[in-house]
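>>> Take this sequence and fold it.
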Amino acid sequence: MLTTVTTALESSSGPGPWYLWLLAPVIAAAPGAGFAALGRRGAFVTSLLGTLALFGLAVWLNAGTAPTVWTVLYVLWAGVLAFALTRALRRPSPVRLTLPTVRERRRALFAAGLGFVVAVGGVAGLRLAADSRLEKADAAQLAGDCATALEHYTRIEGDLNEFTLGPAPAAARTGRFACRQTLLAERAVEDGDHEAAEDAYALATVHFEARFGTSSPRLAALRLAHGDAVVAAARRRTTYDDSGAVSGYWSDEYAIRTYQSIVEDTPDSPQAALVPARIDALYTHAAEDAARRPCSSMGRMIELVGLGDANEPGAKSVADKSRVALPGVRYACGTLQYDKEKYREARDTLKEVTTGPYARKAADLLIAVDVADAAKGSAGALPPPAAEGGAPAGTTELVIANDSTKTLEVLYAGPENGTAEIEACVTCTTRRTLPTSPPGGLYDSCSTAAKSITIRLRPGTYDVVVRGAGSGTVRPYTGKWALKSGTSYASCFYVSSGLY
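Alright, predicted model coming up:
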């Protein structure tokens, strides 16, 4: 197609066929035929040059755009020639110095009348020929054949038709511009220059509608191809680095706007019927991509959600679907980041999952993230709890006491995940040393004022973190606790100044 487009774009208004260059002087000479019949060569030459000058000015100034004004000028010029011929019939010949005979007068009048008929008939014939060619050009453009249409349009513009005052030249200019912009838009789409394609498409649409009062089927097909090219180019340019971040960009909003314009401009076109599936495919591809690379595609899914503010109905549909899918994408990305021990990124991702069916899962995974992050850092070793008694079958109980002036937070991840907060003991004190072997077990080492909570869990092995709630001044401690079924465990925690 590109060769055809280039050839059509390089065509321009030519000089017109040879017969027009012969016919135009004949038409210009016809009004002065009466002078020629009288032998008034000077008057004839003046008439010919004046008429040619008037025709040339009409061509130069695109007289067809203001036919009324130029019709008045033509009539005035015809009146001037008629007045000059009338005077010539009443005055002696400058050569013979005698008045024209009756026969010469009749011959001059007949020649003048015939010249008038020739001039008017010639102009009318040229207008009919231009109109006929315009019909062929318009038919070609409506059929989507811009190359043929441009050939006819440029011939109309180049055939000196302006002096006929017909509508064909002005119509040809509008049609030619519409075709030219259509071809430019097609070439821009092929070249991947979407901004140029957008500009050319807009101009082609305006001029096509100005010429035909409707939208172009070829432009509808072009618009669909443009939208497809935008999507394809965006997918080709989008790559993923090792961290899972997106490099490159997606232009989903632009593609949707391109597709939606087909429905608005040509609602009855075959391409308009394809638009809903094209728009829906944007979400489908994003969802498929999210299943393969959740972190890489999360940014795109967020952008799709943002399309809900757009005016296009298709954009709102995509935004609604993306809004439902986004929590799952975030959860999948957070899980991937957790597995790769990128705990900070996982925490930031999972904190955004606050609603929907993934909210509970995200909250549980956040606990696992915090537990794993604490174990990876400079946390201290947490001793196992002491077995203190029994618990209902199939369960295990933890009695945890806080013998410090700090509010403590307990995080556990295992057969079930959760957090618990133990309020501060306002009457307790910060200890200076850690006892090497607390009498009576860990729990018995607590003061009677210590605050405690009881947690009932499923038996199993748990990763546990104890840290200051909302405070960075208390060093976290982590440990792996194996909790048996039907057993109650106790542990007491206090803050030592040596751990600050």
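>>> Surely Glu409 is in a strand?
Yes. Assessed by DSSP: H, G, I helix; E, B strand; the rest coil, Glu409 belongs to a strand.
>>> so it touches Ala424, yeah?
No. Between Glu409 and Ala424 there is no contact under C-beta atoms under 8 Å: 11.5 Å. C-beta here means a position set from N, CA and C on the backbone, and glycine is covered the same way.
>>> okay, the two: which has more neighbours?
A direct count of neighbours by other C-beta atoms under 10 Å for Glu409 and Ala424 places Glu409 higher, at 19 against 16.
>>> Find me the pLDDT at the more buried one, would you?
Among the per-residue scores, Glu409 holds a pLDDT of 90.
>>> Now do the contacts for the closest residue in space to it that isn't next to it in sequence.
Using C-beta to C-beta, 6 or more residues apart in numbering and skipping the chain neighbours, the partner closest in space to Glu409 is Ala469 (4.2 Å). Each residue near Ala469 by C-beta atoms under 8 Å, 6 or more residues apart in numbering is listed here: 406-409, 421.
>>> And Glu416, by the same measure?
Counting by C-beta under 8 Å, 6+ apart, Glu416 has contacts 364, 457-458.
>>> Got the phi and psi for Asp463?
In terms of degrees, to the nearest 10, the main-chain angles of Asp463 are phi -90, psi 130.
>>> From what I see, it and Ala372 are in contact.
Yes. Contact status for Asp463 versus Ala372: in contact at 7.4 Å, counting by C-beta under 8 Å.
>>> Common neighbours of the two, please.
Common contacts of Asp463 and Ala372 (C-beta under 8 Å, 6+ apart): Ala413.
>>> can I get the CA coordinates of stretch 138-158 in PDB?
Extracted C-alpha coordinates of stretch 138-158, given in PDB (Å, rounded to 0.1, in the frame of the first residue of the first chain):
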ATOM      1  CA  ASP A 138     -16.400  11.400  -5.900                       C
ATOM      2  CA  ALA A 139     -17.500   7.900  -6.800                       C
ATOM      3  CA  ALA A 140     -13.900   6.700  -6.500                       C
ATOM      4  CA  GLN A 141     -13.400   8.400  -3.200                       C
ATOM      5  CA  LEU A 142     -16.700   7.000  -1.800                       C
ATOM      6  CA  ALA A 143     -15.500   3.600  -2.900                       C
ATOM      7  CA  GLY A 144     -12.200   4.100  -1.000                       C
ATOM      8  CA  ASP A 145     -10.100   4.400  -4.200                       C
ATOM      9  CA  CYS A 146      -8.200   7.600  -3.300                       C
ATOM     10  CA  ALA A 147      -5.600   7.000  -6.000                       C
ATOM     11  CA  THR A 148      -8.200   7.200  -8.800                       C
ATOM     12  CA  ALA A 149     -10.000  10.000  -7.100                       C
ATOM     13  CA  LEU A 150      -6.900  12.100  -6.800                       C
ATOM     14  CA  GLU A 151      -6.200  11.700 -10.500                       C
ATOM     15  CA  HIS A 152      -9.600  13.100 -11.400                       C
ATOM     16  CA  TYR A 153      -9.500  15.800  -8.700                       C
ATOM     17  CA  THR A 154      -6.100  17.100  -9.800                       C
ATOM     18  CA  ARG A 155      -7.200  17.200 -13.500                       C
ATOM     19  CA  ILE A 156     -10.200  19.300 -12.500                       C
ATOM     20  CA  GLU A 157      -8.000  21.700 -10.700                       C
ATOM     21  CA  GLY A 158      -5.400  21.800 -13.500                       C
END
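>>> per-residue confidence averaged over it?
Stretch 138-158 comes out at a mean pLDDT of 86.
>>> what comes up buried for that stretch?
Under the neighbour-count criterion of 16 or more other C-beta atoms under 10 Å, stretch 138-158 has 138, 140-142, 144-146, 148-158 buried.
>>> try stretch 476-484
So stretch 476-484, judged by 16+ other C-beta under 10 Å, has buried residues 476-479, 481, 483.
>>> Okay then, goodbye and thanks.
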